[in-house]
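*Asks:* Sequence plus the predicted model coming up.
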Amino acid sequence: MERTSTANDLTDRLRKRLESERREIEELTACELGKLGENSLRAARNALSIIERDTEEATGKMRELLAKAWLRPLIVGLSLWLGFFGGSWATMRWLATSIQDRIETLGELDTRTEWARAMLAEIEETTWGVELMESSGERWVSLPAGTPVRPAFTMDGRPYLRLSKK
């Protein structure tokens, strides 16, 4: 017996065939999607490793630049500080020495002045106040006040006698 196909048979066969083709397409699609996923994952990992490597290189270069960037101002700052400190110290040292020398000189001058005053007092005491003077080419001697001599003239209550003309 031969069998004739009916519309239901044709529909069933088409349905089975579509179902099997659909499964085949789904399996192929799933397989291709899996391969695409693996390739995408591989490409993403590769890109990530390249980005990490480039980031590390850039970070290293930035560290070098930063090291050089703060080193120069540090050296300049230290140099300026040493210059100011050294200059100030030298100036203060010079001023202190200069002041000390002037104090010593002033002490010596005070000592000499006292010695000269003492010497002058001694001379006045031993010469009884007699002074020598020269005026307009004439030489004069002053005598102590109250001397009983007839003087040529008196000044400040002291008699003056002419010694000679020059």
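*Replies:* Structure's in. What do you need?
*Asks:* could you say what helices and strands the lowest-mean-pLDDT helix or strand in the chain packs with?
*Replies:* Ranked by mean pLDDT, DSSP states H and E, the helix or strand of the chain with the weakest confidence is strand 153-155, at a mean of 73. Packing contacts for strand 153-155, counted by 3 or more C-beta pairs under 8 Å, 6 or more residues apart in numbering; DSSP states H and E, involve strand 158-165. Quick note: C-beta positions are derived from backbone N, CA and C, even for glycine.
*Asks:* Listing partners with orientation, what would you give for the least confident helix or strand of the chain?
*Replies:* For strand 153-155, the paired strands and their directions (DSSP bridges) are strand 158-165 (antiparallel).
*Asks:* Tell me the gap between stretch 112-119 and the middle of its chain.
*Replies:* 53 Å (C-alpha atoms, centre = their mean, to the nearest Å).
*Asks:* average pLDDT for stretch 28-40?
*Replies:* On average, the pLDDT along stretch 28-40 is 93.
*Asks:* just stretch 127-147 next, same as before
*Replies:* Stretch 127-147 shows a mean pLDDT of 79.
*Asks:* what about it, start to end distance?
*Replies:* Chord length of stretch 127-147, first to last residue, is 14 Å (C-alpha to C-alpha, to the nearest Å).
*Asks:* Alright, I will stop here.
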